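Participant: Fold the following and give me the result.
(one chain, ligands or ions: 1)
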Amino acid sequence: MGLLPLNGFWDFKIDPEDRGEDEGFPEGFERDYVLAVPASWNEQVPSLMNYMGVAWYARRFRIPERFDSLRAWLVFNGVNYRARVWLNGHLLGEHEGGFTSFRLEAPVEYESENLLVVKVDNRLAPDTIPPGRGLHGFEGPYFDFFHYGGIHRPVHLEFTGNSWVEELSVNTSFRGDLRIKVYTRGREPERVVARLLDEGKVIYVKELEKSGGFYSAEELLRGVEPWDIYRGRLYRLEVDVYSEELSDSVYEDIGFRTFEVEGEKLLLNGREIRLRGFGRHQDFPVFGRYLPEPVIVRDYAMMKRLNANSFRTSHYPYSGEDLDYADMMGFLVILEAPLVGLRREHFTNRDFLEKCKRVIREMIRDHRNRPSVVMYSIANEPQSWFDEARPFMEELVRTVRELDPTRPITYTSHAHMLGRRDKALDLVDVVSLHFYYGWYSFHGDLDQALKRAERDLEDIHRAYSGKPIIVTEFGAGAVAGLHSDPPEMWTEEYQADFLSRYTDLFASKDYVKGVHVWNLVDFKTPQSHWRIVLNRKGVLTRTRQPKMAARVVAEKFKKF
Ligand code: BDP
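Facilitator: As a prediction, this is how the structure comes out:
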């Protein structure tokens, strides 16, 4: 209830020796730079590009006195990676994990200015999520995207009375079913009221009933229009919590839709569909890991022109703004947890498993009411050919099902490309596969690559018949402007051929229910001999200009 954005310019200082806490930084420090929030620190100032370590942010703010009867909360939508937060010198709390939100009660001053100080630490370790090896230097990550740091998603203050909404969950169907559950905290509310609005007009009001630890209602609403592909039909659900007077008020934009796996089929609103789309990244020059709204708008406009109906939030849950836009534009989203680069040693590490479960819980809490989110991907390319992977993945699958039994679960597997058998794929609802023959092997030889890919597909289909298969990655790098005849690796022609021939192969297999090209856009990676500043597998350049493959993919998707 009531929002005060804290985005803008913040004081910033790096602390390579991690001495700031001893030196009193929580009470204020002398800045090195003034940086913008939200955004990664790396590209705002060239000398910060490769900084990985501890850094401090601070800003002052004032609050109008008319809020002084309320409780104030600080909401951080994403700080990469560890955050500790002080207000007026008092430690409010801390959070680990770069891609989920956290909220801290903030005893603010109303008569004077408040000083907000945030310590951010983005050092990688074998047990960070995603994991990395070293403390300094970029040989560290076990993942193929640049390890940006900072307060890279919006920050705001919000206000409530003494009862407030802790969590809200909504389930719908395209036939008009509506199930609402509200968990409150603080003083026991006198009543909790839900309201559904269609373009500002109230179409349903209900006082929720208390049972167990929550307030709920179930209804069948006749005449609501379903949410569908390219038709992001949204209704606004408002929930008011009263204790004496209005104590909290929250809203979610929801849609009425049903997404199911039935045998080898994917059904949206009872209709069989195939997914066409991309793996993406939230990555843009200067902003780093923060994707500004105009770029979000352009990415969706491009995806629509390319005839895509879906994407995966590779390799972490995306920002609220990005997924709001998916809800509005009617795109289907596979929401992926940041569990990328999991290795054998992780599977037997109990603390690490608990941390993964917490991050997944936070991801689901943040995005569970979005009509666009139709499936969860719990990990990307884990070393799931080891026996130890099975109990680990089993527990993650169980965790997700307990929290949200309504959405199918997947994780992406590349075991077959290494000649291994995946030991956990039978646990999930949808089999997601990656293909890079013709890029990392069979260099430049698409005939052999396609033969091998077809053989793998047939084998995997036989092993998991009865489950839908989707291809969540296949791609080849191309440097925009590089051409050759006959096509050679890194040229626009080779990438176009690669994507065209692979899509034809996938289209010819009935049981392949989705294709996602890797990637929509070129993106920043750690420096190495196998990347040319960026990972060049985008069909668009990093500034969103099409390569030759874009036109080809658009044509193929039309027929997929
Ligand atoms: C896959 C990863 C993805 C990489 C891609 C590539 O899932 O993060 O960027 O390969 O090599 O293994 O381009």
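Participant: For the stretch 301-450 of the chain, which residues are neighbours of the ligand?
Facilitator: Those residues of the stretch 301-450 of the chain that sit near the ligand, judged by C-beta under 6 Å from any ligand atom, are 315, 380, 381, 414, 434. Every C-beta, even on glycine, is put in place using the N, C-alpha and C of the backbone.
Participant: ok now do residue 464, which residues does it touch?
Facilitator: Shown in contact with residue 464 (C-beta atoms under 8 Å, 6 or more residues apart in numbering): 425, 426, 431.
Participant: now those residues as TSV including secondary structure, neighbour count and pLDDT?
Facilitator: Below are the contacts of residue 464 laid out as TSV (DSSP: H, G, I helix; E, B strand; the rest coil; neighbours: other C-beta atoms under 10 Å; pLDDT from 0 to 100):
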residue	secondary structure	neighbour count	pLDDT
425	helix	23	97
426	helix	12	97
431	strand	26	98
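Participant: name the helices or strands packed onto the helix or strand harbouring residue 252?
Facilitator: Taking DSSP states H and E as the criterion, residue 252 maps to strand 245-254. The helices and strands touching strand 245-254, judged by 3 or more C-beta pairs under 8 Å, 6 or more residues apart in numbering; DSSP states H and E, are strand 163-172, strand 235-243, helix 320-329.
Participant: Serialize the ones you listed to a markdown table and add fields for mean pLDDT.
Facilitator: Formatted as a markdown table, the helices and strands packed on strand 245-254 follow (pLDDT from 0 to 100):
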| stretch | mean pLDDT |
| --- | --- |
| strand 163-172 | 97 |
| strand 235-243 | 97 |
| helix 320-329 | 98 |
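Participant: got those as JSON lines, with mean neighbour count columns?
Facilitator: Below are those laid out as JSON lines (neighbours: other C-beta atoms under 10 Å):
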{"stretch": "strand 163-172", "mean neighbour count": "19"}
{"stretch": "strand 235-243", "mean neighbour count": "20"}
{"stretch": "helix 320-329", "mean neighbour count": "19"}
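Participant: check contacts around the closest residue to residue 147 other than its chain neighbours.
Facilitator: Distances taken as C-beta to C-beta, 6 or more residues apart in numbering place residue 141 nearest to residue 147, at 5.2 Å, with adjacent residues excluded. Shown in contact with residue 141 (C-beta under 8 Å, 6+ apart): 124, 130, 132, 133, 147, 341, 526.
Participant: do that again at 6 Å, thanks
Facilitator: 132, 147, 526 (C-beta atoms under 6 Å, 6 or more residues apart in numbering).
Participant: cool, residue 57 as well?
Facilitator: Applying C-beta under 6 Å, 6+ apart to residue 57 gives the contacts 10, 12, 118, 151.
Participant: On the three-state scheme, the residue of the chain found nearest the ligand is what?
Facilitator: Using C-beta to the nearest ligand atom, the point where the chain gets nearest to the ligand is residue 144, with a distance of 3.6 Å. Assigned by DSSP: H, G, I helix; E, B strand; the rest coil, the conformation of residue 144 is coil.
Participant: Same check on the one 4 residues further on?
Facilitator: Taken by three-state DSSP, the conformation at residue 148 corresponds to coil.
Participant: likewise residue 126?
Facilitator: The three-state label for residue 126, taken from three-state DSSP, comes out as coil.
Participant: Next, count neighbours for residue 356.
Facilitator: 24 (other C-beta atoms under 10 Å).
Participant: And residue 373, by the same measure?
Facilitator: Neighbour tally, residue 373, other C-beta under 10 Å: 23.
Participant: Please state the offset of stretch 116-123 from the chain centre?
Facilitator: Distance of stretch 116-123 from the chain centroid (C-alpha atoms, centre = their mean, to the nearest Å) equals 21 Å.
Participant: residues making contact with it?
Facilitator: Residues contacting stretch 116-123 (C-beta under 6 Å, 6+ apart): 26, 52-59, 79-87, 135, 149.
Participant: can you tell me which residues contact residue 477?
Facilitator: Listed by C-beta under 6 Å, 6+ apart, the contact set of residue 477 reads 490, 536, 537.
Participant: from the residues you listed, which is closest to residue 467?
Facilitator: Ranked by distance to residue 467 (C-beta to C-beta), the contacts of residue 477 are led by residue 537 at 26.9 Å.
Participant: need the residues of the stretch 451-560 of the chain near the ligand, please.
Facilitator: 473, 518, 535, 537.
Participant: Does the second one touch residue 279 like I think?
Facilitator: Yes - Residue 518 is within contact range of residue 279, at 4.8 Å (criterion: C-beta atoms under 6 Å).
Participant: quick one: common contacting residues for the two?
Facilitator: Residues within reach of residue 518 and of residue 279 at once, by C-beta under 6 Å, 6+ apart, are residue 473.
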